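> model the following, please.
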Amino acid sequence: MTEILYRQYVGESDLPHIMALVQSELSEPYVIYTYRYFLHQWPQLSFLAIPAGSSEPIGVIVCKQSMHKHASNRGYIAMLSVSKSWRKRGVASTLVRQSVEVMRRNGVDEVVLETEYDNAPALSLYESLGFIREKRLYRFYLNGKDAFRLVLAVPPSELDQDFPHYMKLSPTNNIFSYPVSSDDDEVSYR
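A predicted model of the protein is given here:
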């Protein structure tokens, strides 16, 4: 088993790694300003996965949290990417759980995201974490593909049971690690 360290975004020095991971794995192109929009306003919601003994991230999640229509506190998963060689080890599901846990502590009511309608591995990952398909968005992406919008309702008492202690961040250092096995079901993407 390989130990993977998960840590929050720490600044501009992480940006090239995040951009490389996202650009190599996701179909939607993003300009540097899109990354900075999320990372500068909500750095506490973005995490990197780094194998022990390495400085090169193998997974990343980029999120935001804000009021939606002045009625609900909504989280949004903008980007999720894991290097192909590191998939099926629980990396993406851990990144999602970490971000959702921080959002939950900050009073989020729901978390939403979009993913390509035919991205079965991503749909399976998110649905295994409790997300449900809200609607199909026709020709949503620049490549002309449709998307599904997925939603996770986040009632605080229910999520407390779903996030074991070893999945939660330490409030003092915002870093945690645990060994992963290749038996975990999981895939990356948005």
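> rest of the way, CA atoms for contacts and neighbours
Noted.
> now do the helices in this protein.
Assigned by DSSP state H, the helices in the chain fall at 15-25, 32-41, 91-105, 120-128, 156-162.
> okay, strands next: where are they in the protein?
Ranges of strands within the chain are 2-8, 47-51, 59-68, 72-82, 110-116, 132-137, 147-153, 175-180, based on DSSP state E.
> other SSEs contacting the third one?
In terms of contacts (3 or more Cα pairs under 8 Å, 6 or more residues apart in numbering; DSSP states H and E), strand 59-68 is packed against helix 15-25, helix 32-41, strand 47-51, strand 72-82, helix 91-105.
> return the longest one as CSV; C-alpha atoms alone will do.
Output of helix 91-105 as CSV, limited to C-alpha atoms (Å, rounded to 0.1, in the frame of the first residue of the first chain):
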residue,chain,number,x,y,z
VAL,A,91,-8.1,9.2,-4.3
ALA,A,92,-11.0,10.9,-6.0
SER,A,93,-13.5,9.8,-3.3
THR,A,94,-11.2,11.0,-0.6
LEU,A,95,-10.7,14.4,-2.3
VAL,A,96,-14.5,14.8,-2.6
ARG,A,97,-15.1,13.8,1.0
GLN,A,98,-12.5,16.2,2.2
SER,A,99,-14.0,19.2,0.4
VAL,A,100,-17.6,18.3,1.3
GLU,A,101,-16.6,17.9,5.0
VAL,A,102,-15.0,21.4,5.0
MET,A,103,-18.2,22.8,3.3
ARG,A,104,-20.4,21.0,5.8
ARG,A,105,-18.5,22.6,8.7
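> distance of the closest residue to residue 96 other than its chain neighbours from residue 114?
Of all residues not flanking residue 96 in the chain, residue 61 sits nearest, at 7.1 Å (Cα to Cα, 6 or more residues apart in numbering). Residue 61 sits at a distance of 14 Å from residue 114 (criterion: Cα to Cα, to the nearest Å).
> between these two, which one's more packed in?
Set side by side, residue 61 and residue 114 give different neighbour counts by other Cα atoms under 10 Å, the larger being at residue 61 (28 against 24).
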